[in-house]
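K.L.:
model the following, please.
(chains A and B)
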Amino acid sequence: MPIRAAVDIGGTFTDVVAYDDSSGRLLLGKTLSTPQDLIDGVFGGLAATGLTPEELAFVIHGSTVVVNALIERKGARTALLTTSGFRDVYEIGRINRPDAFNLAFTKHQPLIPRDMIFEVPERMRADGSVATSLDEDATRVVARQLSRLGVDAVAVAFLHAYRNPVHEARVGEILRSELPGCYVTLSHEISREYREFERTSTVVANAFVGPLVSDYLSRLDRRLSNAGAEGTLAVMQSNGGVSDVVTASTQCVQMLESGPAGGVVGTIALCEALGMREAIAFDMGGTTAKSAVIRDLTFPVASDYFLGGYRTGLPLRIPCLDIVEVGTGGGSIAWLDAADGIHVGPESAGADPGPACYGRGGSAATITDAAVVLGHMAPTGRLAGELHIDGEAALSAVAGLAARLGLDARAAAAGIIAIGAAAMANSVRAVTTERGLDPRDFTLFAYGGNGPLHISLIARELSIRRVVIPPAPALFSAMGMLMADARLDVVQSGVITLDETSADVVEAAFTKLQAECAQRLGEGGVRFSGVEFVRAADMRYIGQEHTVTVPAPALLWDSSGLDDLKRAFDSAHEQRYSHSAPAESAQIVSLRVSAVGKLAKPDLAKLPSGAVAPVPRARVGSRPMVFSPGGEAFDVPVYARAELLAGNRITGPAAIEEPTSTTLLRPGDALEVDAFGNLLLEIGARP
Amino acid sequence: MSNPPIPSTAAQGTAETASEIDPITAEIIRAAFVSITGEMKTNLMRTAYNLIIYEAQDFTVGLFDANGDTISVGLGLPMFVGGLSDAIKAKLAFYGRDGIEPGDILLTNDAYIMGSHLNHMIFTLPIFHDGELVAFAASMAHWIDVGGVLGGTTTDIYSEGLQVPIVKIFKRGVQDDELTRLIATNVRFEDLAMGDFRAQIAAIRTGEARMLELLGRYGRDVVGASIRDLFRRSEALARQAVRRIPDGDYHAEAFMDDDGVRIGERVPVRVRVSVRDDVMTIDLSAMSPQVAGYYNSGETAGRSAAQVAFKCLTSPGGYPINDGELRPLQIVLPPGTVVSARKPAAMRWWMTYPMTVVDCVFRALSEALPDHTIAGHYADLGLTYTYGIDERTGRFFQYLGGPQGGGWGATSGADGQSATICINDGDTHNAPVEVTEAKYPMITVEEYALRRDSGGAGTFRGGLGTRMKVRVHTAARLDSWIERTVGRPWGLSDGLDAAPNAIRVERADGREVHFGNGKVQTLDLAAGDCHVVELGGGGGFGPPHERPAERVLADVRADYVSAEAALELYAVAVVKDHEGVWRIDEEATAALRSG
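P.N.:
Predicted coordinates for the structure are as follows:
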């Protein structure tokens, strides 16, 4: 059967979106995630779509399995091998104290203790030449010690291995022969960017989760085929592409942000369909809201990911979705400090007990409770996963806080929503204005369970007028995974001064990386129809430390090639930082190559056309709502999204409901339903 | 105005907490201030040319009200907490409010105004709304060179480089080309300096644009009211915290090794703290008089040291730094001390002494606030400076070694952190060895490691210091300014002191050169020589004998603590079993500990 399915395991829900190539039918399934064994949720989600595994030709899988294992620190017994003299690189880290006035601050907590870190005599220089040859005998002695210690995984991170990996590669061979069955991961296989702590942290994380994740993926693969699925299992990665199970099992950390990456891939696909090239993808869930900016239909990638946040987190240097996250979600708790100042988040009621209105024992007022008090969300009714909304509980939680502020419950609820929206708008500024971009130039795509409910106010804060709500926004990340291509990235550090090189040299370096990417992508188990390469260079002016990533031309030839690159860098710098120095010479610090193998995609389903006015049965009722802290409640119409047709227009205020998500139109807003069933919102001016 | 105040239906408590603005708008605007200074910070960090700004975060940006009081700052450098505000107030005093016009940008690096060395260039942009001066955006950044003598010591400000008094570098929107050239002519790395100049201007223009957006949206009255609301709430929180400290008079003292000129002559650091109800007074009048060497700092630095200590003790997790939260603090600091030096005192290494002042405040309050203070830390940046002509290329190079991190003190509930930047700095990073070696092919870092037994023993152990060994492959010169090589980081509540800081040179032929006071002045190095910097640990907290034996065993297994130290300091006998695994000798330990 020609059915392709994407399965996205999130913290609370497991979402399935399946597409039948022959009929163009889209099937959706949502079920609670199953932390005991996440794989059960995959089958639960498939069952919710009404599909059986035998019908699946291709399954794309995104999962929180890696994040969970790292956050909960449930990984393998792992050892680390370092260059002699540098055993403590991992523990020393970068020595910074972001919490400068907190005497109880703590640094990053290494995943493995110091007594599992061993030095090996060897040393490379920065130019890749050998300063001290690898001591193979000493390596074998360490390997046998690891064998006695019963380790399950070994990470190897030698200085300057990004430049010359031969010592790491040889140690890998020795370890694999001395420790059969042990999961071995070498730093240059995961990251070839310089900065030894970050690379070490990355390779250790990969080794730490490696045995568990490779076992998870092979079990899933096996259970799917045992259940009759004959198709290929592909794994969603943080770089916006998919890879095969074997590759994903060696590059486990690439699965970190697979869910959010799916949403951004989906946004790019929708942009293409709608003829747009620039967008902000905004994903608001229960605990956080995530923003990513898409320019020229390009998946945004960065290499500065921190697991567990910047302050105390572990850095992971992989090409990963470039996203800014803020601790504001539906479950974010509103609270008062000792001077009666009100704040919202980052503490969250999470999924359990969840907001007070979930009726599962939560008593703190959350953003979702405020939305219920204001009528934005229905005060009764069923949520996904057998949860029911308890409007009374929401009111009593918000009223408690309101009394302490001397406000009535509705004013306090409107205030909670406004503070949350302002915080989320500030996080959108972090991916736009902080990078020299004007958010008003972008269309905002809002999804996740809570995105459509709050986006109108957030867009107003940013003076953004165009907002798109895709169909089934709560499952949009899974939908996006169906739009992904196979992808493999290589980032290679090596400082090149433009004035001291030629276009031929840089072109040769790019070509070599492309050949490597193409070969590795081709060796993977995911079949694709053609390969495209995307090139970029991390560049800076001589004397600067920080780099800007600049798209590089597909072919650099004669001296004008380097001039073009330099000009592209000057203009990127000017755009991002509002100044540049065209007269000064520049350096390339790293080259980036992505190989993208094209996969078949679903055709976006078309909706039948209707009149300007929705059919009468689309209007399913009304309820009183409040829109501002001082505002009165008045009756607002409620529509069922499932009954809307292409061309329908609705003028705000209104609520458009669908399972697990509500789109809120504030007074002054309007929407039109497009041919694909997207809600195209025109946001009113800021009041 | 978009958000009408919501009428209050209940009393807001005492008059002290009465508000002229609704709490929702106040919170939204407060968050906007933090977002603006965050954006200014990102902007400056990423566009700065020199590594000290980007990696060491030796900068501070901020927004200030029309009086120069701090609304929000993007750190940067914690010990510069008051530097921007003081500089703005001095600029206001110099020109008068009427002498500052739209389009002006004011500049100074006056060491005695901002309390620190001449490398700190402070740009200030007045923000006008409807023709009225309503706020300031300012940025300080450390320029890599401002002229002055290279290497050795200095004994007055004139030998430390270019002094820029309070000037207008932009007048009504037009850059002063003559002043700019004068500055560019007096610095060693003009391109870097001018790159940093542009970055600092861009950062304050960002602050101006966002602040004007806020003023345009909410109006001057509401923004003004929310600033006052922020000050008021922050002050209330800080007063609550001070009220929790028992009233009393407290004091502590320590000493610095010497000032680099009068070798071996200790420099006393004496701090008195008194608490009365909700007011804390930090009295620094018994500090050493200003010194001959360049370890002096100005009054702003002395005051900032007191403010940093106060903030750590009263509101570490509260509102971001603003003027209000420092109002319950009174500071007594007469001019002429080593942290309130007068012209022409040498100031180049201003950063070191104030750190020990901060630690002394924590020490003074350790009996009154046992659960909120911290044992002493290594209190030094541990920097070295290696420079010369690379024999292989014929080019001048200068390599700034460090910061490499040392140990922080233990607290009543946790071990101290190892390998962490000292309190002068915050989000400052070390230089990755791979970056250093790519940039400076004439040096090799041969070791960067934790120092066993450097943390002070205690029920909670102090953090460990680090050792870094650097070899040069060309003839070069070495300077260093390492302090606290004699005065150890102290333990609290019967916790023990930690190992102090140290530096030595290992010649290519194996001879070692030690430096009794940590200060190396223009020492010639030959190709193949190494220098080794060993930074100290943090003090321990509580008697070492009360540390659970299992934790001592874990420390021995991780090699943080030697078996010898486990026995002598912790009274835990740790022995290797037949498989070479460390185990506790239970009997011996019981005997040792029962005594």
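
K.L.:
show me what contacts residue A:192?
P.N.:
Counting by C-beta atoms under 8 Å, 6 or more residues apart in numbering or on different chains, residue A:192 makes contact with A:162, A:490-493. The way it works is simple: take the backbone N, C-alpha and C, and place the C-beta from them, glycine included.

K.L.:
any idea how far residue B:328 is from chain A?
P.N.:
Computed with C-beta to the nearest C-beta, to the nearest Å, the distance linking residue B:328 and chain A is 13 Å.

K.L.:
phi and psi next, for residue A:462.
P.N.:
phi -100, psi 0 (degrees, to the nearest 10).

K.L.:
what's the closest non-adjacent residue to it?
P.N.:
Using C-beta to C-beta, 6 or more residues apart in numbering or on different chains and skipping the chain neighbours, the partner closest in space to residue A:462 is residue A:439 (4.5 Å).

K.L.:
so is the least confident helix or strand in chain A by mean pLDDT next to chain B?
P.N.:
Taking mean pLDDT, DSSP states H and E as the measure, the helices and strands of chain A show their lowest mean at helix A:558-577, namely a mean of 86. Yes: judged by C-beta under 8 Å from any C-beta of the partner chain, helix A:558-577 comes into contact with chain B through A:573, A:576-577.

K.L.:
and whatever residue of the stretch 451-595 of chain B ends up closest to chain A, how many neighbours?
P.N.:
Using C-beta to the nearest C-beta, the point where the stretch 451-595 of chain B gets nearest to chain A is residue B:558, with a distance of 4.2 Å. Neighbour count for residue B:558, taken as other C-beta atoms under 10 Å in any protein chain shown: 17.

K.L.:
that one and residue A:297, how far apart?
P.N.:
50 Å (C-beta to C-beta, to the nearest Å).

K.L.:
likewise residue B:73?
P.N.:
Where residue A:297 is concerned, residue B:73 sits at a distance of 39 Å (C-beta to C-beta).

K.L.:
those two - which one has more neighbours?
P.N.:
A count of neighbours by other C-beta under 10 Å puts residue B:73 above the other of residue B:73 and residue A:297, at 29 against 14.

K.L.:
shouldn't the more buried one be in contact with residue B:61?
P.N.:
Yes: here residue B:73 reaches residue B:61: they are 6.8 Å apart, a contact under C-beta atoms under 8 Å.

K.L.:
residues in contact with residue A:581?
P.N.:
A:541, A:570, A:573, B:195, B:198.

K.L.:
mind putting these into CSV with distance to residue B:422?
P.N.:
Output for these, formatted as CSV (distance: C-beta to C-beta, whole Å):
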residue, distance to residue B:422
A:541, 31
A:570, 38
A:573, 33
B:195, 28
B:198, 30
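
K.L.:
which of those residues sits closest to residue B:423?
P.N.:
residue B:195 (29.3 Å; C-beta to C-beta).

K.L.:
secondary structure element holding that closest one?
P.N.:
Following DSSP states H and E, one finds residue B:195 within helix B:190-243.

K.L.:
in the helix or strand following the least confident helix or strand of chain A, what's buried?
P.N.:
Next along the chain after helix A:558-577, taking DSSP H and E as the criterion, comes strand A:586-597. Burial within strand A:586-597, assessed by neighbour count using 16 or more other C-beta atoms under 10 Å in any protein chain shown, is assigned to A:586-597.

K.L.:
next: stretch B:220-235.
P.N.:
Neighbour-count burial for stretch B:220-235, counted by 16+ other C-beta under 10 Å, picks out B:222-235.

K.L.:
low-confidence bits of chain B, can you list those?
P.N.:
B:1-19, B:55, B:316, B:318, B:595 (pLDDT under 70).

K.L.:
how does it divide up, domain by domain?
P.N.:
B:23-234, B:374-547, B:548-594 (automatic domain parsing).

K.L.:
ok, back up a step: tell me how far the least confident helix or strand of chain A lies from the chain's centre.
P.N.:
How far helix A:558-577 lies from its chain's middle: 29 Å, per C-alpha atoms, centre = their mean, to the nearest Å.

K.L.:
equivalent analysis for stretch A:307-323, please.
P.N.:
Distance, centroid of stretch A:307-323 to centroid of chain: 11 Å (C-alpha atoms, centre = their mean).
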